[in-house]
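Trainee: Give me the fold of what follows.
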Amino acid sequence: AGALKKGAMKRRTSVTFHRPKTLIRAREPAYPRQSAPSKERLDAFSVIKYPLTTESAMKKIEDNNTLVFIVDVRCTKKQIK
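Mentor: Next up, the predicted model:
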């Protein structure tokens with residue numbers, strides 16, 4: 001009558017179970033996850049703030065021929081160079 005037929009099981013050749021790879025769809029968000037646009041990054045003009053004019057800085061200018069500048073705390077060495 002309406003009995004289900006039991007099919008033959010697929011023979012397993014490995015003892016470890018691997019979850020089958022299924023379809024991965026692209027995300028379609030209902031709304032943006034970021035409410036405000038991100039803040040401006042540091043540009044070339046905001047890296048160096050001003051030259052340092054203390055006595056020790058002046059000594060460095062005279063003796064070592066080196067200028068001393070105050071830079072933004074968020075800068076990396078690469079950005080300063």
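
Trainee: Show me the shaky parts of this structure.
Mentor: Within the chain, the stretches with pLDDT under 70 are 1-2.

Trainee: what's the single longest helix in it?
Mentor: In terms of residue count, the longest helix belonging to the chain (DSSP state H) is helix 55-64.

Trainee: Tell me the first helix or strand C-terminal of it.
Mentor: strand 69-71 (DSSP states H and E).

Trainee: What pairs with that following strand, parallel or antiparallel?
Mentor: Here strand 69-71 has these sheet partners by DSSP bridges: strand 48-51 (antiparallel).

Trainee: mind checking the end-to-end distance for stretch 33-40?
Mentor: Counting by Cα to Cα, to the nearest Å, you get 19 Å between the two ends of stretch 33-40.

Trainee: How far off centre is it?
Mentor: Here stretch 33-40 is found 15 Å from its chain centre; the criterion is Cα atoms, centre = their mean, to the nearest Å.

Trainee: Mind listing what's buried along the longest helix of the chain?
Mentor: Ala57 (16 or more other Cβ atoms under 10 Å). For glycine as for every other residue, the C-beta is placed from the backbone atoms N, C-alpha and C.

Trainee: distance between that helix and the chain's centre?
Mentor: Distance of helix 55-64 from its chain centroid, counting by Cα atoms, centre = their mean, is 39 Å.
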